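A.B. asks: fold the following.
(2 chains)
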Amino acid sequence: MAAGVAAWLPFARAAAIGWMPVANCPMPLAPTEKNKRQDELIILNVSGRRFQTWRTTLERYPDTLLGSTEKEFFFNEDTKEYFFDRDPEVFRCILNFYRTGKLHYPRYECISAYDEELAFYGILPEIIGDCCYEEYKDRKRENAERLMDDNDSENNQEGSMPSLNLRQTMWRAFENPHTSTLALVFYYVTGFFIAVSVITNVVETVPCGTVPGNKELPCGERYAVAFFCLDTACVMIFTVEYLMRLFAAPSRYRFMRSVMSIIDVVAIMPYYIGLVMTNNEDVSGAFVTLRVFRVFRIFKFSRHSQGLRILGYTLKSCASELGFLLFSLTMAIIIFATVMFYAEKGSSASKFTSIPASFWYTIVTMTTLGYGDMVPKTIAGKIFGSICSLSGVLVIALPVPVIVSNFSRIYHQNQRADKRRAQKKARLARIRVAKTGSSSAYLHSKRNGLLNAALELTGSSDDEQHISKSTSLIESQHHHLLHCLEKTTNHEFIDEQLFEQNCMDNSMQNYPSTRSPSLSSNNGGSTSCCSRRNKKTTHLPNSNVPATRLRSMQELSTIHIQCSEQPSLTTSRSSLNMKSEDGLRPNCKTSHLTTAIITIPTPPALTPEGESSPHPTTNISTTCSNIVKVSAL
Amino acid sequence: MLTVLIMYLLGFLYAQNSTKRSIKERLMKLLPCSAAKTTSPDIQNSVEDEMEIATVRHRPEALELLEAQSKFTKKELQILYRGFKNECPSGIVNEETFKEIYSQFFPQGDSTTYAHFLFNAFDTDHNGSVSFEDFIMGLSILLRGTVQEKLNWAFNLYDINKDGYITKEEMLDIMKAIYDMMGKCTYPVLKEDTPRQHVETFFQKMDKNKDGVVTIDEFIESCQKVSNDKLI
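C.D. replies: Residues are numbered from 1 along each chain as shown, chains lettered A, B, ... in the order given. I've put the predicted structure just below:
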């Protein structure tokens, strides 16, 4: 039964006394209240802000966190309250839901934060009240679309490039000129030739000085040969480009149907038709008109300019608005032309000879051009003419803002896509830095661990005992985990530079060093491929270690010390966003609890004893470390 | 289950007809098939918008019940649950999230394969998601269990197809997954057949009767024997 209604139940039951006089059968017995609990106040402490409510209020919705026994997980025995480490602002809305039965969505709240809180408290978003439901749904859809766009563009952009054959490389080069220098060169060359071709078309018609005979000749006829050569060159380039695109296209049929390729074909066709038809004099008139199509070469620029593409895309997406504009204009033109024709019929020598002739007047008037070649002379004509021009302004002004807003939306979408790409790159870079930071932190601490061990051996109890910074508990546990993995596989983590150096050395000199850390005896004595650095014997700082006894140990440390200084842990930590940092904190595996409870047999410190190899811990069976590993999980 | 479905459909239809949703409809939608105490996940779809994915909410068993079933105290369970719920508010972990979390501990290498095996070991009822109960049961064995129980769990991890036998291929898969986590930059350099050699050695030792598979008893025996040998 509904929450609010339940409060009125005693009233309804009391009012049932009205039925008693006319009841056929005796009334049933009232149910006794078993386990009648005294209602108590519960204190909910959300990040310091204390909310209080009755227990029965919360129990109205038993399948949410607060209404079920799940909240016992958050009960604090000492203060006898329920502590939640969440946002108190959103909790206000949630608690109101229990009180009133309506869940509201505050407009100032971010949609994903709100969703997370709802998920935490086990409340479904569907029960948001009508007052706020639309807003919630709209924001959610916007967010989802944005994320989808993001993912789509990302999927289109990236994508591992396995070995592409020639065709795919060419297609990629055509579509995205920034992929290689050759593509860029090609891009600029074609752009240049398009410009040349368009300019030649224009200049051809300019009068270029007279020829004896008092005739003004356009440049095209005066320098016919030069222009012809230019035209030929341009068409050659365009033809080659078109054929190459056709060859590289993944789907040739789809490519041939696309707008750009049609423009390409239309741009170069007149030339070939002209070549074929120069013989026939009759058809050359038609040929001249074909040359008009050469102007379409200017549309080839749209491959080079994103703004043009956006404009074209806008026009395509506003097709319905443009259609409406056209239709309403046509209607108005016909109406006003008819009216003007009949109004001006009376006047003598009027230019309005027919209704189609009046169309021209109507169009010129409605678009407020007003050439003045056709002017009404009668009074009725003038009245209707003025109505025509006023209504023209209105009809044209209506669909234009819609088109403008569409353009602005698409343009901003484009901007946003670019911005998001840059953001994503930055975020990935940060995550990569964090990863290298954590791994270098581990190597750093290993080095310091070795240093400490070496110092302890020398017995020098200087103040430089603890070179390493005090690492937090979580860090030391993480490092322990990595150490266990090393022991399991019997390989060590090293720096990338060292790794490359080792491999270079390996390729140059391939002798097994006796002092190399042998793989576990279980593994059947495979020699390490990487030689040790016998040459470098720089001393450890702050120690006067007898080189002989600890040379192996020293060399190992030396190798590590020669790693370049990695950025300190704190800076790399601070450059993380919250999500990555959370990852380092054990989440679904709270290992801070782990080591507090169990006692893991810690691997003994790296102290070489006697003649043992630099990795005495190798002797500890890997099976034992298996168990260790399992426990450490 | 069927009645709930009918109730949902009714509620949906009713909601469609009348824009004003009475409290009753909302409650009808809320009433789940499971009470708070059961552990069946409440999968409640919103049929209105196809863009919405199924929201899953899972409520764990009562604190007292979990305390009885596992070896943790109430306080420990509280701490564990808080961390769990913070990271996974819906109450369950799916494999993707698990892999993501696990990969942050091993930045050098690729830990997805091993995380996959680990996930299967935790997901005891094989429903594709790890709930808090699975998590607690696993942790309880691993942290507070006897050596026998721990080795049992390890055996379960290695036995990929859960048929009671570890074959050489299964062990090789696990070994490769472990070596994958090391990544590329190791000293000494990892060779192609290092995992295989590793497996060879161990498999020979474990497989007493040389029948090509390791049973649970052989596994436990050999682990305990080896640790006895080497620890002393």
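A.B. asks: so residue B:189 sits in a strand?
C.D. replies: No - counting by DSSP: H, G, I helix; E, B strand; the rest coil, residue B:189 falls outside a strand, being coil.
A.B. asks: for it, grab the count of nearby residues.
C.D. replies: Counted with other Cβ atoms under 10 Å in any protein chain shown, residues neighbouring residue B:189 total 17. Where C-beta positions appear, they are placed from N, C-alpha and C, glycine not excepted.
A.B. asks: what of residue A:166?
C.D. replies: Applying other Cβ under 10 Å, we find 9 residues neighbouring residue A:166.
A.B. asks: so residue B:163 is in which element?
C.D. replies: For residue B:163, there is no enclosing helix or strand under DSSP states H and E.
A.B. asks: now residue A:231
C.D. replies: Per DSSP H and E: helix A:224-248 holds residue A:231.
A.B. asks: and for that helix, what are the contacting residues?
C.D. replies: Residues outside helix A:224-248 that contact it (Cβ atoms under 8 Å, 6 or more residues apart in numbering or on different chains): A:167-168, A:170-171, A:174, A:189-190, A:193-194, A:196-197, A:200, A:204, A:219-220, A:252, A:255-256, A:261, A:264-265, A:267-268, A:271-272, A:297, A:300.
A.B. asks: got the CA coordinates for stretch A:347-359 in PDB?
C.D. replies: Extracted in PDB, the C-alpha atoms of stretch A:347-359 (Å, rounded to 0.1, in the frame of the first residue of the first chain):
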ATOM      1  CA  SER A 347      -3.900  50.400 -66.900                       C
ATOM      2  CA  SER A 348      -2.600  51.100 -70.300                       C
ATOM      3  CA  ALA A 349       0.900  50.100 -71.400                       C
ATOM      4  CA  SER A 350       1.400  48.100 -68.300                       C
ATOM      5  CA  LYS A 351       4.300  45.800 -68.200                       C
ATOM      6  CA  PHE A 352       2.200  43.100 -66.400                       C
ATOM      7  CA  THR A 353       1.400  41.400 -69.700                       C
ATOM      8  CA  SER A 354       0.600  38.000 -68.200                       C
ATOM      9  CA  ILE A 355       0.700  36.200 -64.900                       C
ATOM     10  CA  PRO A 356       4.100  34.600 -65.500                       C
ATOM     11  CA  ALA A 357       5.400  38.000 -66.400                       C
ATOM     12  CA  SER A 358       4.100  39.200 -63.000                       C
ATOM     13  CA  PHE A 359       6.100  36.500 -61.300                       C
END
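A.B. asks: how far off centre is it?
C.D. replies: Offset of stretch A:347-359 from its chain centre (Cα atoms, centre = their mean, to the nearest Å): 61 Å.
A.B. asks: quick check: buried residues in it?
C.D. replies: The neighbour-count check on stretch A:347-359 (16 or more other Cβ atoms under 10 Å in any protein chain shown) flags A:350, A:352, A:358, A:359 as buried.
A.B. asks: just the ones in helices from the residues you listed, please.
C.D. replies: Among these, DSSP state H puts A:358, A:359 in helices.
A.B. asks: for the chain, what helix or strand is lowest in average pLDDT?
C.D. replies: Going with chain A. helix A:591-597 (a mean of 35; mean pLDDT, DSSP states H and E).
A.B. asks: wrong one, I was asking about chain B
C.D. replies: strand B:42-44 (a mean of 36).
A.B. asks: can you give me the helices for the stretch 301-450 of chain A?
C.D. replies: For the stretch 301-450 of chain A, applying DSSP state H, counting those that start in this stretch gives helices covering A:306-317, A:319-344, A:355-366, A:379-397, A:399-458.
A.B. asks: show me what contacts residue A:491?
C.D. replies: Residues near residue A:491 by Cβ under 8 Å, 6+ apart: B:182, B:186, B:187, B:188, B:190, B:194.
A.B. asks: show me where the stretch 351-500 of chain A dips below the pLDDT cut-off.
C.D. replies: Under the criterion pLDDT under 70, the flagged ranges of the stretch 351-500 of chain A are A:455-471.
A.B. asks: helices or strands up against whichever helix or strand comes after the helix holding residue A:231?
C.D. replies: Beyond helix A:224-248 on the C-terminal side, the first helix or strand identified by DSSP H and E is helix A:252-257. In this structure, helix A:252-257 makes packing contacts with helix A:224-248, judged by 3 or more Cβ pairs under 8 Å, 6 or more residues apart in numbering or on different chains; DSSP states H and E.
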